[in-house]
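Chemist: Here is my input; please provide its structure:
(chains A and B)
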Amino acid sequence: MKVTLPEIRHDYSGFNGLVRLAAETKDCFLEDIDVDMAATTWFDADMCAAFGAILHRLGEGLNTVNLINLRPGVEKILSKNGFLSHYGRERIPDRWGTTIPYQRFDVKDDRYFADYIENELIHRSEMPAMSAGLLKKFRESIFEIFSNAVLHSRTEQGIFSCGQFFPVRHRLDFSVADLGIGMRQNIQDNIGLNLSPEDAIDWATQGRNTTKRGRVPGGLGLKLLSEFIDRNGGCIQIVSDAGYWRRENKRTITAPLSQPFPGTVVTVEINTADTNSYKLASEISGTDIF
Amino acid sequence: MQKDITISIFEVVGSPLCVASSDGQKVYERLAKVIKEGANVILSFYNVSTLTSAFLNAAIGQLYGEFSEEQIRSSLKVKDIQPDDLALLKRVVETAKQYFKDPQRFDQAVQDTLGDEDSGL
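Modeler: Numbers count the residues shown, from 1 in each chain, chains lettered A, B, ... in the order given. Predicted coordinates for the structure are as follows:
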């Protein structure tokens, strides 16, 4: 079969383009699937995480995926970040070092993920100059996203990540996608609450709420991430099932997607020129913790 | 006089990146063992560069499911921790206390959400 892919931007329309691809191919088994990218005039590199998750799922269904008619600019960026290496192309050197490679991890790969973040993000010479406080918060946020996927997705098909620096715009985009159960289903299974997909995301981002049961408490990860993004002046988008959630300038918008994503995607856009000190306004005493 | 036992998170985890819940679990198991013995424990964050709530929930948050607040307060101390990490730990502890103290917590959260829906918010 042949499916077409529109331009994929790091926004609501980009996610809608990807979920349409997921829906069109969801029942494919043992098929040759040509993804025609002639109309894909733009592809934001961090969206490779969500795109790669969808294509990986097709591979799990024993389908053969071919990416065809790639525009030169799109082919170049997807070759530089290693995405096309998964689909029969050579990786090309990233001369300006602005890509954060596309990578798939298993849920037990948290150490490997940590190495990837340190080597491909934090210690790269091309990394925009960020204050020590910002770098620490940024690093913590990335790990919170990955931990969230590990703890909640119940996926066996892995976790996918990819990113991109924009030195002139002082922006860094980073995405983590999983092929797990999704927030709506997770909340329904664990809490018995039947929410719309977008309300489920909103519920999960509230500090008091968690689907965690048992001995280890939870519920802070996405709240901490939102707080950091609010202060940083960046943006966070979450897609889970057919829900879209975006927070920017301390305001949240939600919307339904035309089709469900087969898991959850969290993307952050970091303002790398942020000069906040991230020092605490008031000191907490070490003797008054417990 | 009872001896204080120091546990180095860096030594237990083997890395400055204390981010995985599974690594937090290793710290928890050591802490729980010491507290069960009735000894005092000092948890050292020396050389720890990055912490997540997932790690701290597993390492420390789950102590509140097994021990009383008084028991934890009297036997556990932290040292060599950066102020912002201390703030994160405080939030994890507060969340854990709520999580284990209030068995109706989920019902309340559900009711609140439904209430919001009913009022059209």
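Chemist: who touches residue 45 in this structure?
Modeler: In the absence of a named chain, this looks at chain A. By Cβ atoms under 8 Å, 6 or more residues apart in numbering or on different chains, A:Ala45 lies in contact with A:Ile77, A:Leu78, A:Asn81, A:Phe83, A:Thr99, A:Cys162, A:Gly163, A:Gln164, A:Asp173. Heads up, the C-betas are built off the backbone N, CA and C, glycines and all.
Chemist: Actually, chain B is the one I wanted.
Modeler: Contacts of B:Phe45 (Cβ under 8 Å, 6+ apart): B:Ile9, B:Leu51, B:Val78, B:Lys79, B:Asp80, B:Ile81, B:Gln82, B:Asp85.
Chemist: residue ranges with poor pLDDT in chain A?
Modeler: Along chain A, segments meeting pLDDT under 70 span A:207-208, A:212-213, A:279-283.
Chemist: Hmm, I typed the wrong one, I wanted chain B.
Modeler: B:1-2, B:102-121.
Chemist: sorry, back to before: just give me the closest of the contacts of B:Phe45 to A:Gly158.
Modeler: Distance to A:Gly158, by Cβ to Cβ, is smallest for B:Leu51 among these, at 24.8 Å.
Chemist: how many other residues sit next to the closest one?
Modeler: 26 (other Cβ atoms under 10 Å in any protein chain shown).
Chemist: Check B:Glu70 too.
Modeler: For B:Glu70, the tally of surrounding residues (other Cβ under 10 Å) stands at 9.
Chemist: Going by secondary structure, it is in what exactly?
Modeler: Using DSSP states H and E, B:Glu70 sits within helix B:69-75.
Chemist: Mind giving me the packing neighbours of the helix or strand following that helix?
Modeler: Per DSSP H and E, helix B:69-75 leads on to strand B:76-79 as the next helix or strand towards the C-terminus. Helices and strands touching strand B:76-79, as assessed by 3 or more Cβ pairs under 8 Å, 6 or more residues apart in numbering or on different chains; DSSP states H and E, comprise strand B:40-44.
Chemist: Centre of the chain to the strand it packs on, how far?
Modeler: Chain-centre distance of strand B:40-44: 13 Å, with Cα atoms, centre = their mean, to the nearest Å.
Chemist: Would you agree B:Val41 is in contact with B:Val78?
Modeler: No: counting by Cβ atoms under 8 Å, B:Val41 stays clear of B:Val78, with 9.7 Å between them.
Chemist: shared neighbours of the two, which are they?
Modeler: With Cβ under 8 Å, 6+ apart, B:Val41 and B:Val78 have no common neighbours.
Chemist: give me every residue that touches the residue nearest the centre of chain B.
Modeler: Residue closest to the average C-alpha location in chain B (Cα atoms, centre = their mean): B:Ile60, at 2.3 Å. Contact partners of B:Ile60, counting by Cβ under 8 Å, 6+ apart, are B:Gly24, B:Val27, B:Tyr28, B:Leu31, B:Leu43, B:Leu76, B:Leu89, B:Val92, B:Val93, B:Ala96.
Chemist: Flag every buried residue along the helix or strand where A:Lys223 lies.
Modeler: A:Lys223 is part of helix A:221-232 when elements are defined by DSSP H and E. Buried residues in helix A:221-232, counting neighbours by 16 or more other Cβ atoms under 10 Å in any protein chain shown, are found at A:Gly221, A:Leu222, A:Lys223, A:Leu224, A:Leu225, A:Ser226, A:Phe228, A:Ile229, A:Asn232.
Chemist: between those residues, which is closest to chain B?
Modeler: A:Gly221 (5.3 Å; Cβ to the nearest Cβ).
Chemist: what's the distance between the spatially closest residue to the closest one that is not a sequence neighbour and A:Ala50?
Modeler: Nearest non-adjacent residue to A:Gly221, counting by Cβ to Cβ, 6 or more residues apart in numbering or on different chains: A:Glu144, 4.3 Å away. A:Glu144 is 19 Å from A:Ala50, where distance means Cβ to Cβ, to the nearest Å.
Chemist: circling back: would you confirm that the residue nearest to A:Gly221 contacts A:Leu224?
Modeler: Yes: assessed by Cβ under 8 Å, A:Glu144 is found in contact with A:Leu224 at 5.9 Å.
Chemist: overlap in contacts of the two?
Modeler: B:Ser53.
Chemist: Where do the helices of the chain begin and end?
Modeler: The chain I'm using is chain A. Along chain A, counting by DSSP state H, helices occupy A:12-25, A:48-60, A:72-80, A:110-117, A:132-152, A:183-191, A:197-204, A:221-232.
Chemist: my bad, the chain I had in mind was chain B
Modeler: Under DSSP H, chain B gives helices at B:9-13, B:21-36, B:53-59, B:69-75, B:83-101, B:105-118.
Chemist: so of those helices, which one's packed in deepest?
Modeler: Looking across the helices of chain B with neighbours counted as mean count of other Cβ atoms under 10 Å in any protein chain shown, the highest average goes to helix B:53-59: a mean of 28.
Chemist: send the alpha carbons of it over as PDB?
Modeler: Output in PDB follows, covering the C-alpha atoms of helix B:53-59 (Å, rounded to 0.1, in the frame of the first residue of the first chain):
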ATOM      1  CA  SER B  53      11.200  12.600  41.300                       C
ATOM      2  CA  ALA B  54      11.000   9.000  40.000                       C
ATOM      3  CA  PHE B  55      14.300   8.100  41.700                       C
ATOM      4  CA  LEU B  56      13.500   9.900  44.900                       C
ATOM      5  CA  ASN B  57      10.000   8.400  45.100                       C
ATOM      6  CA  ALA B  58      11.400   4.900  44.900                       C
ATOM      7  CA  ALA B  59      14.400   5.600  47.200                       C
END
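Chemist: Mind giving me the packing neighbours of it?
Modeler: Using 3+ Cβ pairs under 8 Å, 6+ apart: helix B:53-59 touches helix A:132-152, helix A:221-232, helix B:21-36, helix B:83-101.
Chemist: since we're on A:Gln103, how many residues are nearby?
Modeler: Counted with other Cβ under 10 Å, A:Gln103 comes out at 22.
Chemist: Now do the contacts for it.
Modeler: The contact partners of A:Gln103, taken as Cβ under 8 Å, 6+ apart, are A:Gly82, A:Tyr116, A:Phe160, A:Ser161, A:Cys162.
Chemist: Distance to chain B for these - can I get that in a markdown table?
Modeler: Output for the contacts of A:Gln103, formatted as a markdown table (distance: Cβ to the nearest Cβ, whole Å):
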| residue | distance to chain B |
| --- | --- |
| A:Gly82 | 23 |
| A:Tyr116 | 11 |
| A:Phe160 | 18 |
| A:Ser161 | 14 |
| A:Cys162 | 19 |
